[in-house]
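*Asks:* Here is the input, now give the coordinates:
(chains A and B)
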Protein chains: 2
Amino acid sequence: MQLAVSTVIFALRDPDRRSARTALDAPHPVLSLPLVCRVREPYDGFWALPGGPLRGEEGLTDAAARTLEETTGLRPTYLEQLYAFGEPDRSGATAAEPGERVVSVVYWALVSQHEAARARVGQNVRWLAADQLPDLAFDHNLIVDYALWRLRTKVEYSRIAHAFLGEHFTLRELREVHELVLQRELDPANFRRQVEASDAVVPTESFRTGGRHRPARLYRYNTAIAPVDLGPLAAPPTTPEPSPTPPATRSSR
Amino acid sequence: MQLAVSTVIFALRDPDRRSARTALDAPHPVLSLPLVCRVREPYDGFWALPGGPLRGEEGLTDAAARTLEETTGLRPTYLEQLYAFGEPDRSGATAAEPGERVVSVVYWALVSQHEAARARVGQNVRWLAADQLPDLAFDHNLIVDYALWRLRTKVEYSRIAHAFLGEHFTLRELREVHELVLQRELDPANFRRQVEASDAVVPTESFRTGGRHRPARLYRYNTAIAPVDLGPLAAPPTTPEPSPTPPATRSSR
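*Replies:* Predicted coordinates:
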């Protein structure tokens, strides 16, 4: 029995120029996740979630932060345990490798658009649209579907959209994040009323200028309200330092 | 590295006669959980959550259902994965047992009052009040606190109170479950209005009679609405068959 840790990493990314070429309207950011191409059996040549085995003296959350940083170079603004997947037949072990059962503790992470654009992404890593995935290795399609469900449920009652946006954002930007995550249009006036009534965000004295829109006031999340994002176990949003090589084993919280 | 599965099992149970003797008012049911007394080191003599190691060809949820049934004889009406606990130092391994690191995938379960009263509970198993626990083995106090947080969060937006009540219940009974779980009094008229406005429950043509109250209409959950209780991964409520062998009293890390 092996224990591995994997992470579903979401970001809103501008689509590739190649796919934009065929689009008639202006390209919108797309909910995307980075995947790693496997270079050995089982599932040689298939895309898989970034991850790796749990090390001897490492906590689960630390292992998730380490493996996603090693693979993708990304530093998430939000990192939370999703689910432990442990069906006996999920490892895809061949007859030549009996007993190679793997239980995966899976995390999900959000990174900002800025971070997603900045990060070096290795040769075997590619961003793919969350809703147009090919057949992935192992049970990773199921895992991504579950992470999408969690993201879409949680964006409606917590402030995790913040993790995509950075500290300050316009109400239009906040609505667009909700629309891209939920994959449906929201009425701008209704959205504004609901957000303002909820006390979840507060206006700042700054404005976003430039672009094709009128100057728009910037908002921030209301830190006076206790967030429901994270349970009592959760550590604050993890921003791991870039790993030295070889990466050090971090102490756990 | 070992992988174990443990379960936090909640039920509303009438308090022991011994504790009721000192109470002036009529005893209310108490949110309780069954714990197993450990009979070996580490934590010899401490109470621990029921559980055990994951078997070779067994899924995680199946292992949770099997170990809780073997230990307590209970058949839950609700069983869901809670969290994987894997801090390196949580196993309490002594210097004599180095490398005995244990990662526990923890489930939480609800059982009805009827089931809690019916089940045979072995010599090494005892029901304890969830809010008055002694120091438990390993990190099990932390685990119970997290399960309580999940229960209290979830009872407010899903229909899991149902799992304590059986299929039919009066609005008073439903409110009392909410009060006992949330540990605060709820205004009966407000509660009735909110429940009726939510479409979550529907009236039946039956009434609860007898006792010191007027006959009260029985309600059931509205099965026309998709429940938010369970994510897309969850299996239907598990009702394992009684185990053919006498229950072992086993505890897990």
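
*Asks:* how close does A:H213 sit to B:E115?
*Replies:* Counting by CB to CB, to the nearest Å, the gap from A:H213 to B:E115 is 59 Å. Every residue, glycine included, has its C-beta placed from N, CA and C.

*Asks:* Of the two, which one has the most company?
*Replies:* B:E115 (19 against 10; other CB atoms under 10 Å in any protein chain shown).

*Asks:* just to confirm, which helix or strand has the more buried one in it?
*Replies:* B:E115 is part of helix B:113-118, with elements assigned from DSSP states H and E.

*Asks:* Pull the distance from that helix to the chain's centre.
*Replies:* 12 Å (CA atoms, centre = their mean, to the nearest Å).

*Asks:* That one: which residues count as buried?
*Replies:* Within helix B:113-118, the residues that count as buried by 16 or more other CB atoms under 10 Å in any protein chain shown are B:113, B:115-116.

*Asks:* Take these and write them to CSV, including pLDDT and distance to A:T67.
*Replies:* Shown next, in CSV, are the buried residues of helix B:113-118 (pLDDT from 0 to 100; distance: CB to CB, whole Å):
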residue, pLDDT, distance to A:T67
B:Q113, 86, 45
B:E115, 88, 42
B:A116, 89, 42
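
*Asks:* Flag the shaky bits of chain A, pLDDT-wise.
*Replies:* Counting by pLDDT under 70, the ranges of chain A that qualify are A:16-27, A:92-99, A:120, A:225-253.

*Asks:* All the strands of the stretch 51-200 of chain A, in order from the start?
*Replies:* Secondary structure of the stretch 51-200 of chain A (DSSP state E, counting those that start in this stretch): strands at A:51-53, A:78-85, A:102-110, A:125-129.

*Asks:* TSV please, covering the ones you listed and showing mean neighbour count and distance to chain B.
*Replies:* What follows is these, written out as TSV (neighbours: other CB atoms under 10 Å in any protein chain shown; distance: least, CB to the nearest CB, whole Å):
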stretch	mean neighbour count	distance to chain B
strand A:51-53	18	10
strand A:78-85	23	5
strand A:102-110	25	5
strand A:125-129	16	20
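
*Asks:* Map the structural domains onto the sequence of chain A.
*Replies:* For chain A, automatic domain parsing gives the domain ranges A:2-154, A:162-221.

*Asks:* Would the last one count as contacting chain B?
*Replies:* No - remark: domain A:162-221 sits outside contact range of chain B, by CB under 8 Å from any CB of the partner chain, the gap being at least 15.7 Å.

*Asks:* And that domain, end to end?
*Replies:* Domain A:162-221 has an end-to-end distance of 7 Å (CA to CA, to the nearest Å).

*Asks:* which residues touch the nearest residue to A:N222 once chain neighbours are set aside?
*Replies:* For A:N222, ignoring the flanking residues on the chain, the nearest one in space by CB to CB, 6 or more residues apart in numbering or on different chains is A:V202 at 4.8 Å. Residues counted as contacts of A:V202 (CB atoms under 8 Å, 6 or more residues apart in numbering or on different chains) are A:219-222.

*Asks:* By neighbours, which of those wins?
*Replies:* Of these, with other CB under 10 Å as the count, A:Y219 tops at 22 neighbours.

*Asks:* Burial check on the closest residue to A:T209 other than its chain neighbours, number of neighbours?
*Replies:* Once flanking residues are discounted, A:T209 sits nearest to A:P215: 4.6 Å by CB to CB, 6+ apart. Neighbour count of A:P215, defined by other CB under 10 Å: 12.

*Asks:* which residues does A:P215 contact?
*Replies:* A:207-209.

*Asks:* Apply the buried test to those residues and list what passes.
*Replies:* Applying 16+ other CB under 10 Å to these, the neighbour count classes A:R208 as buried.

*Asks:* which among the contacts of A:P215 gets closest to chain B?
*Replies:* Checking those against chain B by CB to the nearest CB gives A:R208 as the nearest, at 34.4 Å.

*Asks:* The closest one is in contact with A:R214, isn't it?
*Replies:* No - the criterion here is CB atoms under 8 Å, and A:R208 misses it with A:R214 at 9.6 Å.

*Asks:* do you know how far A:T72 is from A:V111?
*Replies:* Taken as CB to CB, the span from A:T72 to A:V111 is 9 Å.

*Asks:* so what sits against both of the two?
*Replies:* With CB under 8 Å, 6+ apart as the test, A:T72 and A:V111 both reach A:9, A:119.

*Asks:* Which elements pack onto the helix holding B:E115?
*Replies:* strand B:2-13 (3 or more CB pairs under 8 Å, 6 or more residues apart in numbering or on different chains; DSSP states H and E).

*Asks:* Could you confirm whether any residue of the strand it packs on contacts chain A?
*Replies:* Yes - residues of strand B:2-13 contacting chain A under CB under 8 Å from any CB: B:L3.

*Asks:* Export that strand to CSV, keeping only CA atoms.
*Replies:* Only the C-alpha atoms of strand B:2-13 are listed here, as CSV (Å, rounded to 0.1, in the frame of the first residue of the first chain):
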residue,chain,number,x,y,z
GLN,B,2,0.1,2.4,8.1
LEU,B,3,-3.3,3.5,6.8
ALA,B,4,-6.2,3.2,9.2
VAL,B,5,-9.9,4.2,9.0
SER,B,6,-11.8,5.5,12.0
THR,B,7,-15.3,6.9,12.5
VAL,B,8,-16.8,9.5,14.8
ILE,B,9,-20.4,8.2,15.4
PHE,B,10,-23.0,10.6,16.7
ALA,B,11,-26.3,9.8,18.2
LEU,B,12,-28.8,11.6,20.5
ARG,B,13,-29.0,9.4,23.6
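
*Asks:* Pull out the buried positions in it.
*Replies:* Buried residues in strand B:2-13 (16+ other CB under 10 Å): B:2-13.

*Asks:* Could you spell out the sheet neighbours of that strand, each with its direction?
*Replies:* Strand B:2-13 pairs in its sheet with strand B:30-37 (antiparallel), strand B:51-53 (antiparallel), strand B:102-110 (parallel), by DSSP bridges.

*Asks:* Export only the CA atoms of the longest one, formatted as PDB.
*Replies:* Okay, so that is strand B:102-110. What follows is strand B:102-110 as a C-alpha-only set of coordinates in PDB (Å, rounded to 0.1, in the frame of the first residue of the first chain):
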ATOM      1  CA  VAL B 102      -0.300   6.100  10.900                       C
ATOM      2  CA  VAL B 103      -2.400   8.200   8.500                       C
ATOM      3  CA  SER B 104      -6.100   7.900   9.400                       C
ATOM      4  CA  VAL B 105      -8.900   8.500   7.000                       C
ATOM      5  CA  VAL B 106     -11.700   9.500   9.300                       C
ATOM      6  CA  TYR B 107     -15.400   9.200   8.600                       C
ATOM      7  CA  TRP B 108     -18.300  10.500  10.500                       C
ATOM      8  CA  ALA B 109     -21.600   8.700  11.000                       C
ATOM      9  CA  LEU B 110     -25.100   9.500  12.400                       C
END
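
*Asks:* quick check: angle from that strand to strand B:78-85?
*Replies:* For strand B:102-110 against strand B:78-85, the angle by axes from the mean of the first three to the mean of the last three CA atoms, to 10 degrees is 150 degrees.

*Asks:* now strand B:102-110, how far from the chain's geometric center?
*Replies:* Remark: strand B:102-110 is offset 12 Å from the chain centroid, using CA atoms, centre = their mean.

*Asks:* for stretch A:69-84, same thing?
*Replies:* That offset, for stretch A:69-84, works out to 7 Å (CA atoms, centre = their mean).

*Asks:* which ones are touching A:V121?
*Replies:* Going by CB under 8 Å, 6+ apart, A:V121 touches A:34, A:72-73, A:127.

*Asks:* if you set the cut-off to 7 Å instead, what comes out?
*Replies:* Contact analysis of A:V121 by CB atoms under 7 Å, 6 or more residues apart in numbering or on different chains lists A:34, A:72-73.

*Asks:* so which of those residues would you say is closest to B:A48?
*Replies:* Nearest to B:A48, judged by CB to CB, of the contacts of A:V121 is A:T72 at 38.9 Å.
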